[in-house]
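Participant: Need the 3D shape of this:
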Amino acid sequence: MERTLIILKPDAVKRGIVGEVLTRFERVGLKVVGCKMLQPDYNHYHHHYEKIGQMITRRGEEIFEVTLEMMKEGPVIALVLEGIEAVSLVRKMVGETEPKSAAPGTIRGDYSHISFNYADKEKIAIPNIIHASGDPKEAKQEIGHWFSDSELFEYNTTHETYTQAHPRKQ
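Facilitator: Numbers count the residues shown, from 1 in each chain. Just a heads-up that it's a prediction; the model follows:
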């Protein structure tokens, strides 16, 4: 089984859509194996967005700083989801990073709409509801940064019985 990290950003928490978003992942058969609400400091986010995600390298210092300011506006909910090809499935469900480009039916397409151009012009971060790991290597690094081994759980769901050839024995 593959694991991936999602972070429900402050805009999702403040809008009260955490349950709706989480339900979408559970309905498709992904299992929550770790979950916590927290309000990380600048250093935690710096490690996440630059040491792992290399945001400064890809998007520049200004975008990095406005993103960190937005992330510090309130608590986030970090989750580890597990399932078959979980990283690519979650990325498909989440949609494009730029909400304007995200297809209807995706989380960002259904719950956000701002474009990169607008955000850049206004010098604001993109409130795009959710972060999702980009690939399996990044997922492992992010999960290790956000969760200790003792905060991750192993169990079988009823859904696994019907979607996997060999569910785990308990």
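Participant: all contacts plus neighbour counts: C-alpha atoms, from now on.
Facilitator: Noted.
Participant: Pull up the distance across stretch 14-32, start to finish.
Facilitator: Distance across stretch 14-32, first residue to last, is 21 Å (CA to CA, to the nearest Å).
Participant: in this protein, which helix or strand is least confident?
Facilitator: helix 158-163 (a mean of 75; mean pLDDT, DSSP states H and E).
Participant: Going by neighbour count, list what's buried in that one.
Facilitator: E160 (16 or more other CA atoms under 10 Å).
Participant: What residues sit buried inside stretch 142-153?
Facilitator: Applying 16+ other CA under 10 Å to stretch 142-153 flags E142, I143, W146, F147 as buried.
Participant: Counting neighbours, what do you get for the residue lying closest to the last one once chain neighbours are set aside?
Facilitator: Spatial nearest neighbour of F147, chain neighbours left out: G34 (7.7 Å); criterion: CA to CA, 6 or more residues apart in numbering. G34: 21 surrounding residues under other CA atoms under 10 Å.
Participant: which stretches of the chain form helices?
Facilitator: 10-15, 18-27, 42-46, 55-59, 61-71, 86-94, 107-111, 116-122, 136-146, 158-163 (DSSP state H).
Participant: between the ones you listed, which gets the lowest average pLDDT?
Facilitator: Looking at the helices of the chain, the lowest mean pLDDT belongs to helix 158-163 (a mean of 75).
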